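1. structure for the following, please:
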Amino acid sequence: MSAKSRILALVDPDAGPAATVAGLRRRAAEAPASFILLVSGGASRIAGAERVRALARAAGLDVAETIVGDEDPFLALGDALHARRVDEVMSPIGGRPELLYEHPLTAS
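-> Take a look at the predicted model:
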């Protein structure tokens, strides 16, 4: 059994949580994955982050962590990457998983 990839997923709850979860499901279908959901925007985005997490878990996805980061998405991403080991960074907004980064040791 292969290890799950740790994927940091940049999530915008306002872009449609159901479409976002569909994108995560497509990625999970490719290979085992554990998701870290990152929502930028500060405390005002907590409810949206929780809504996406609940939908993802209800869809059977492994959500290891949900982070509500800085209002600046670049700072939120930098903070998350600084504090965690991830194999990939993706943006499933709109239901299309887009690989933004793949760790060089896990790239095929």
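
2. what about the protein, any weak spots by pLDDT?
-> 1-2, 92-108 (pLDDT under 70).

3. swap in 50 and give it another go.
-> By pLDDT under 50, the low-scoring segments of the chain are 1, 95-97, 99, 101.

4. tell me where it has strands.
-> With DSSP state E as the criterion, the chain has strands at 5-10, 33-40, 63-69, 88-91, 98-102.

5. let's have those in JSON lines, adding distance to Asp79 and mean neighbour count.
-> Every residue, glycine included, has its C-beta placed from N, CA and C. Shown next, in JSON lines, are the strands of the chain (distance: least, CB to CB, whole Å; neighbours: other CB atoms under 10 Å):
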{"stretch": "strand 5-10", "distance to Asp79": "11", "mean neighbour count": "23"}
{"stretch": "strand 33-40", "distance to Asp79": "9", "mean neighbour count": "22"}
{"stretch": "strand 63-69", "distance to Asp79": "6", "mean neighbour count": "18"}
{"stretch": "strand 88-91", "distance to Asp79": "13", "mean neighbour count": "20"}
{"stretch": "strand 98-102", "distance to Asp79": "15", "mean neighbour count": "14"}
